[in-house]
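Student: My questions concern the predicted model and sequence given below.
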Amino acid sequence: MSKLNKKTLLKNKNFFKLFILILLFCFILFFVFPNTILAATPKLVNKLNDAFTNITEWLVKLATPAAAVAVGIGVFMKKFSFGDEERIRTAKKLIRGSLFSYAFILAIQLILSAIESLVG
């Protein structure tokens, strides 16, 4: 073989070794550590998740005092009804409705957080 053929053959072997190393690196990068490259969430999804979390927090923060005020008004209506059956019935409905509504809001928050933990 001539010197030129030996040099090109060595270059081809080095190129082939480099190509194999690059393929091996890509294999390790993509198949052994897939979460570092392929698991990025889009910015829009992150913004929507943050907004969703803020809305649910505000809902609970607003619902708690509203339920407490409604129960308090119902208790005072019942206490100061002076035996009027209609006011007692209205007060019981108010107390029951406000407690059920608050329980429903808390249940929705639990369900949504469970769904979020399953998805994310």
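Tutor: In hand now; what should we look at?

Student: so what are the domain limits for this structure?
Tutor: Residue ranges for the domains of the chain, per automatic domain parsing: 1-39, 41-120.

Student: Please identify the most buried of those domains.
Tutor: Highest mean neighbour count of the domains of the chain: domain 41-120, a mean of 12 (counted as mean count of other Cβ atoms under 10 Å). (C-beta placed from N, C-alpha, C; glycine too.)

Student: just how off-centre is that domain within its chain?
Tutor: A distance of 20 Å separates the centroid of the chain from that of domain 41-120, by Cα atoms, centre = their mean, to the nearest Å.

Student: Show the average pLDDT along it.
Tutor: Regarding domain 41-120, the rounded mean pLDDT is 84.

Student: Mind naming the longest helix for the chain?
Tutor: When every helix of the chain is counted residue by residue (DSSP state H), the longest turns out to be helix 43-79.

Student: what's near enough to touch V75?
Tutor: Taking Cβ atoms under 8 Å, 6 or more residues apart in numbering as the definition of contact, the neighbours of V75 are A91, I95.
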